[in-house]
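In: This is the structure alone, sequence omitted:
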């Protein structure tokens, strides 16, 4: 049964995973939606990307599971191999982390960013018929109390009821929302990253084992550095990323061609297997990691423009949740718009922000905690408790159903935003683990609210 049309026109800027998900979910919720993207054509670019079970649940709902099935065929299969974590210098496997079996309706996906993106892009454009305008650079965002829109570099003005800025950390919407220029900031780390065929790997006795035994995933953990290496598609393709300290100025750009000699210098004194892998890399990218706390607000003054994904909250790769959280944003905002209706768009967007903000912040912090756990490893502790070095897989993140949650809490949070009720303070707490300080602060606030009442 088709969802009734809401009459809400949504303009999405950016056709990454967050923007595409926002558009697909707006379509599902009955909104009229179009996407504007600066890239002139779709290209299969990039390397490895991860989607948790909380994203898998979103994908699974599209086209009765057909999209999830396509993504699965392109993703790494670690059901047998798992994740093998090595000590950086000796190469010893200190922990073999098994891959947990996932429910059919919330699979995880790890694959080539460009290949997975192509599946989602084509679903939005071809299957759903969502207009995607490529090669359209946005020069300006604008709004008033009744509408919002964008101005393209050509001078053309596009007007709608809502604009979603899903065009990354350099989004021009950030300045309009914040009221000041907020430049991307370096995290103090960078990653070298590469994707290449197994031709030289399989010819070398030192590395052929990674390509002859199906898909594999290995990590070497060292002082303020970690090196992750995967083989995919039955060992045919190889991918590695190396995270290290870097204070490069990212005022103009944060992606450069990488230099192999610099990687090998960082790996000096490491397990020789790491060097044997890296030296076969035909080319690599030096990617400076942009990071900051979520912006203090994601919604514009008139409540017609919303920031989504990296535009509002860039993630570190060690969270393995950046794209997934952008997808959760897209699902949540589409539901809030439908539930609020065309006459309540500003309140709908502010309700969206209130539902999402604390969860996003909590998930985002896991990128820092995982990086620090690996980069400051206490090896005596690992010897006593090997599981302590495993990659965290937390149920409060992966088992979360953003669609179900949005439907359940919308009325109470909407009322809180519109009328000053307190429903959201209670209902939103289970979506993330509360620190004792945060729990105390909220308990005091609740005590104050009820006492005042």
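Out: Arrived safely. Model, not experiment: these values are computed from the prediction. Numbering: from 1, shown residues only.

In: surely residue 291 meets residue 318?
Out: No. The criterion here is CB atoms under 8 Å, and residue 291 misses it with residue 318 at 10.6 Å. In this view, the C-beta of every residue, glycine as well, is placed from N, C-alpha and C.

In: So which of these two has more stuff around it?
Out: residue 318 (24 against 19; other CB atoms under 10 Å).

In: Distance-wise, check that one relative to residue 243.
Out: Noted for residue 318: a distance of 7 Å to residue 243, by CB to CB, to the nearest Å.

In: tell me, what's touching these two both at once?
Out: Common contacts of residue 318 and residue 243, defined by CB atoms under 8 Å, 6 or more residues apart in numbering, comprise residue 371.

In: still on that earlier bit, which residues do residue 291 and residue 318 both contact?
Out: residue 367.

In: tell me the contacts of the closest residue to residue 39 other than its chain neighbours?
Out: Residue nearest to residue 39 in three dimensions, not counting chain neighbours: residue 134, with 6.1 Å by CB to CB, 6 or more residues apart in numbering. Applying CB under 8 Å, 6+ apart to residue 134 gives the contacts 15, 37, 39-42.

In: Just the buried residues out of those, in ChimeraX syntax.
Out: This is the ChimeraX syntax for the buried subset of the contacts of residue 134, where burial follows 16 or more other CB atoms under 10 Å:
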select :15,37,42
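
In: and which of the contacts of residue 134 is nearest residue 382?
Out: residue 15 (42.2 Å; CB to CB).

In: tell me which element the closest one is part of?
Out: Using DSSP states H and E, residue 15 sits within no helix or strand.

In: got the contact list for the closest residue to it other than its chain neighbours?
Out: Using CB to CB, 6+ apart and skipping the chain neighbours, the partner closest in space to residue 15 is residue 37 (3.8 Å). Neighbouring residues of residue 37 by CB under 8 Å, 6+ apart: 13-15, 19, 132-136.

In: so where's this structure shaky on pLDDT?
Out: Within the chain, the stretches with pLDDT under 70 are 1, 184, 249-254, 421-453.

In: Quick check: next helix or strand after the helix ranked longest in it?
Out: Longest helix in the chain by number of residues, with DSSP state H as the criterion: helix 345-375. Using DSSP H and E, the helix or strand that follows helix 345-375 in sequence is helix 379-384.

In: Give the buried residues for stretch 406-423.
Out: 406, 409-410, 412-417.

In: Quick one: distance of that stretch to the chain centre.
Out: Offset of stretch 406-423 from its chain centre (CA atoms, centre = their mean, to the nearest Å): 26 Å.

In: Now do residue 200 against residue 305, distance only.
Out: Per CB to CB, residue 200 is found 49 Å from residue 305.

In: Between the two, tell me which one has more neighbours.
Out: Counted by other CB under 10 Å, residue 200 and residue 305 do not tie: residue 305 has more neighbours, with 25 against 18.

In: how near is the more buried one to residue 321?
Out: Distance of residue 305 to residue 321, computed by CB to CB: 24 Å.

In: Also residue 293?
Out: To residue 321, residue 293 is 15 Å away according to CB to CB.

In: the more surrounded of these two?
Out: A count of neighbours by other CB under 10 Å puts residue 321 above the other of residue 293 and residue 321, at 25 against 10.

In: was I right about the more buried one contacting residue 313?
Out: No. Applying CB under 8 Å as the test, residue 321 and residue 313 come out as separate, 10.4 Å apart.

In: so what sits against both of those two?
Out: Common neighbours of residue 321 and residue 313 (CB under 8 Å, 6+ apart) are residue 364.

In: Can you name the residues bridging to residue 111?
Out: On the basis of DSSP bridges, residue 111 is bridged to residue 49, residue 75.

In: measure the residue nearest to residue 15 to residue 142 for me?
Out: Counting by CB to CB - residue 37 and residue 142 are separated by 19 Å.

In: What are the boundaries of the strands in the stretch 151-300 of the chain?
Out: 157-160, 162-165, 186-197, 216-222, 225-232, 237-245, 255-257, 285-290 (DSSP state E, counting those that start in this stretch).

In: how big is the angle separating the last one from strand 186-197?
Out: Taking axes from the mean of the first three to the mean of the last three CA atoms, to 10 degrees, one finds that strand 285-290 is oriented at 150 degrees with respect to strand 186-197.

In: Quick one: list the elements packing against strand 285-290.
Out: Here strand 285-290 touches strand 186-197, strand 255-257, going by 3 or more CB pairs under 8 Å, 6 or more residues apart in numbering; DSSP states H and E.

In: what's the closest of those strands to residue 170?
Out: Closest of the helices and strands packed on strand 285-290 to residue 170 is strand 255-257, at 12.1 Å (criterion: CB to CB).
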